[in-house]
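S.K.: after the sequence you'll find the predicted model.
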Protein chains: 2
Amino acid sequence: MPKLGMEPIRKAALVKATIVEIGRVGSLDVTVSQIAKRAGMSSALAHHYFGSKEDMFLAAMRHILTLYGAEVRGALALAEGPQGRLRAVVAASFGAANFRREAVGAWLNFWVLSQTVPEARRLLAVYQRRLRSNLLVGLRPLAGERAEMVADGLGALIDGLYLREVLKSGPPDRAAAVATAMDYLEAQLRA
Amino acid sequence: MPKLGMEPIRKAALVKATIVEIGRVGSLDVTVSQIAKRAGMSSALAHHYFGSKEDMFLAAMRHILTLYGAEVRGALALAEGPQGRLRAVVAASFGAANFRREAVGAWLNFWVLSQTVPEARRLLAVYQRRLRSNLLVGLRPLAGERAEMVADGLGALIDGLYLREVLKSGPPDRAAAVATAMDYLEAQLRA
DNA sequence: GTTATTGTTGATTGACGAGTCAATAAACTT
DNA sequence: AAGTTTATTGACTCGTCAATCAACAATAAC
């Protein structure tokens, strides 16, 4: 009963399933069959739409980065003044959509992937640059020439908070993460 | 030509080789044969001394944590006053022995491992607790009741700096990492 | 000098998994 | 209605790899 125009639907389902499975298993050692099964199709079909498992990983990564980008852009649109912008970026980084168990687990594994796969490395570099530049817009008026150092520190801190979330049990504590990051920011701006 | 007392030598060689190979390949997808070859023996012998690949991973992890612990303890022995202690812990965290490419790569992968293997998780939790408590000793006299929050932030920041090192190319910049961490600390203590 | 004990490996087993292929079927085209 | 394109899968190939085994060698123990 082949309806036409299945491609985007199937691909979306596979991307979602990839993230969920990576998060569930906790590593990139997920089989294409597992992913395909969760997405409700055969592994052959998964290979039909994506050429390889690596392609699926990369598509999943792009998806997560897109989500993140959208959340930041949305928050930034409502923000006012440098302080508001900074708070918006930090809050969006730990937004409910990004800071969920599966996404965080997937994130960590994409970091690993970036050690081997150039395209994955590129994507992660894009994310880092974007975060850095978003922070700098808010920081320059407030921290002057110290802005760069503060941005680097805050960026690393955010990544570190993601990393630590992996070890924790129970649901992610977004408020605590935001508090820690904002605390850093306030301390730096007191200078 | 079997000399006796090979066990500790072989095991040490395997542990070292495990770390190097994980760092080189950039993931836990290293074969026992690769590790054994680098350590100058057959894969069968590797299995003889360690029951399984997982055991090798865990031994490698323990080794890295031991190195780190030793470096911290050494630095702490020479340190004077709360400030000195804090600086010592931070500097040791980015010490030449720990903050090398292979070790950082291995570290990241152990984080991944901790998602699946309880013992790996336990080891990482021990590291986190130790770091936190080391920081708190120095922080309590200086930051009072804010000590806990600052310790958590600094801990996450250190992990984040490790994480970011993975993406960088070229040799690790220890000085920059220490500077960023100390900058955070000074900002917090200015309150 | 026979008998454990320790060190060592090549060959083998057994399982698993990525990617391909041939076949089937429904839709669209002309 | 014949032909083309899209959707879909079960079965298969081919490679890889962790783990085991059987065998051999050298040292220590008695």
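M.R.: Cool, the structure landed.

S.K.: what about stretch A:118-134 and chain B, touching?
M.R.: Yes. Stretch A:118-134 lies within reach of chain B by Cβ under 8 Å from any Cβ of the partner chain, at A:121, A:124-125, A:128. C-beta: built from backbone N, CA, C; applies to glycine.

S.K.: out of those residues, which are buried?
M.R.: Among the residues of stretch A:118-134 next to chain B, those buried by neighbour count (16 or more other Cβ atoms under 10 Å in any protein chain shown) are A:121, A:124, A:128.

S.K.: in JSON lines: these, plus secondary structure.
M.R.: Below are those laid out as JSON lines (DSSP: H, G, I helix; E, B strand; the rest coil):
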{"residue": "A:Arg121", "secondary structure": "helix"}
{"residue": "A:Leu124", "secondary structure": "helix"}
{"residue": "A:Gln128", "secondary structure": "helix"}
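
S.K.: list just the nearest of the residues you listed to DNA strand D.
M.R.: A:Arg121 (21.8 Å; Cβ to the nearest atom of the strand).

S.K.: quick one: buried residues of stretch A:99-111?
M.R.: So stretch A:99-111, judged by 16+ other Cβ under 10 Å, has buried residues A:99-101, A:103-111.

S.K.: same question for stretch A:46-58.
M.R.: Neighbour-count burial for stretch A:46-58 flags A:46, A:49-50, A:53, A:56-58 (criterion: 16+ other Cβ under 10 Å).

S.K.: now intersect those with the helices, please.
M.R.: Counting by DSSP state H, those place A:46, A:49, A:53, A:56-58 in helices.

S.K.: which one of those residues is nearest A:Leu139?
M.R.: For those, the residue nearest A:Leu139 by Cβ to Cβ is A:Leu58; the value is 31.5 Å.

S.K.: distance check, the closest one against DNA strand D.
M.R.: Per Cβ to the nearest atom of the strand, to the nearest Å, A:Leu58 is found 20 Å from DNA strand D.

S.K.: the spatially closest residue to that residue that is not a sequence neighbour: how many residues sit nearby?
M.R.: Excluding the flanking residues, the one nearest A:Leu58 by Cβ to Cβ, 6 or more residues apart in numbering or on different chains is A:Glu119, at 5.6 Å. When neighbours are counted by other Cβ atoms under 10 Å in any protein chain shown, A:Glu119 registers 15.

S.K.: what of A:Leu163?
M.R.: What A:Leu163 shows, counting by other Cβ under 10 Å, is a neighbour count of 20.

S.K.: excluding residues flanking it in the chain, which one is nearest it?
M.R.: That would be B:Asp159: by Cβ to Cβ, 6+ apart, it lies 5.0 Å from A:Leu163.

S.K.: would you mind measuring from the one you found to A:Leu113?
M.R.: Taking Cβ to Cβ, to the nearest Å as the criterion, B:Asp159 is separated from A:Leu113 by 19 Å.

S.K.: please apply the same query to A:Arg87.
M.R.: Applying Cβ to Cβ, the value for A:Arg87 to A:Leu113 is 31 Å.

S.K.: and the two? which has more neighbours close in?
M.R.: Between A:Arg87 and A:Leu113, A:Leu113 has the larger neighbour count (other Cβ under 10 Å), namely 24 against 18.
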